[in-house]
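Novice: dropping a prediction and its sequence here:
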Amino acid sequence: MNISTLKKVAVGALLISSAALPFAALAQNDFVSKPIAASNFTVSAFIDKLIGYAFGIILVIAVLLILYAAFLYLTSAGDEDKVKEAKNYIIYAIIGIVIAFLARAIVGVVTGLLA
């Protein structure tokens, strides 16, 4: 294994481990650990919790997709097809993030109007 490959592996490991740091902070969040009580169950609270979980999953997938696109871009060696593929992955990830934020905002607006 040459030095260039070793550097790429080290940078990739650093990026992946730093992407996981925000989730360590979420371990202290009370909202995640408290289930919805049966007496306080409402449809809006259930939908809000469901959208929250989906939002987190979509953001994790988008971050992984961006990291994969960065890997493709760095290893493309000037190949235009790989560069174009990496750019497309980044565009798809950004579209996914925007849709996730819009879904969260729409649920908040509808919940606010119904409450």
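Specialist: Sure thing, it's come through.
Novice: got a pLDDT number for Ser18?
Specialist: The per-residue pLDDT reported for Ser18 equals 65.
Novice: can you give the contact residues for stretch 68-85?
Specialist: By C-beta atoms under 8 Å, 6 or more residues apart in numbering, the surrounding residues in contact with stretch 68-85 are Lys8, Gly12, Leu15, Ala86, Lys87, Tyr89, Ile90, Ala93. C-betas here are computed from N, CA, C, even on glycine.
Novice: by pLDDT, give me the weakest of those.
Specialist: Leu15 (67).
Novice: just how off-centre is stretch 95-113 within its chain?
Specialist: With C-alpha atoms, centre = their mean, to the nearest Å as the basis, stretch 95-113 stands 15 Å off its chain's centre.
Novice: cool, and stretch 64-74?
Specialist: Here stretch 64-74 is found 14 Å from its chain centre; the criterion is C-alpha atoms, centre = their mean.
Novice: please identify the buried residues of it?
Specialist: Within stretch 64-74, the residues that count as buried by 16 or more other C-beta atoms under 10 Å are Leu65, Ile66, Leu67, Ala69, Ala70, Phe71, Leu72.
Novice: would you turn the contacts of stretch 68-85 into a markdown table with distance to Ala77 and secondary structure?
Specialist: Listed next are the contacts of stretch 68-85 as a markdown table, based on distance: C-beta to C-beta, whole Å; DSSP: H, G, I helix; E, B strand; the rest coil:
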| residue | distance to Ala77 | secondary structure |
| --- | --- | --- |
| Lys8 | 12 | helix |
| Gly12 | 17 | helix |
| Leu15 | 20 | helix |
| Ala86 | 12 | helix |
| Lys87 | 16 | helix |
| Tyr89 | 17 | helix |
| Ile90 | 18 | helix |
| Ala93 | 22 | helix |
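Novice: drop anything exposed from those.
Specialist: Neighbour-count burial (16+ other C-beta under 10 Å) applied to the contacts of stretch 68-85 gives Ala86, Tyr89, Ile90, Ala93.
Novice: against Leu113, how distant is the residue nearest to the spatial centre of the chain?
Specialist: The centroid of the chain falls nearest to Leu59 when counting by C-alpha atoms, centre = their mean (1.6 Å). Distance, Leu59 to Leu113, using C-beta to C-beta, to the nearest Å: 26 Å.
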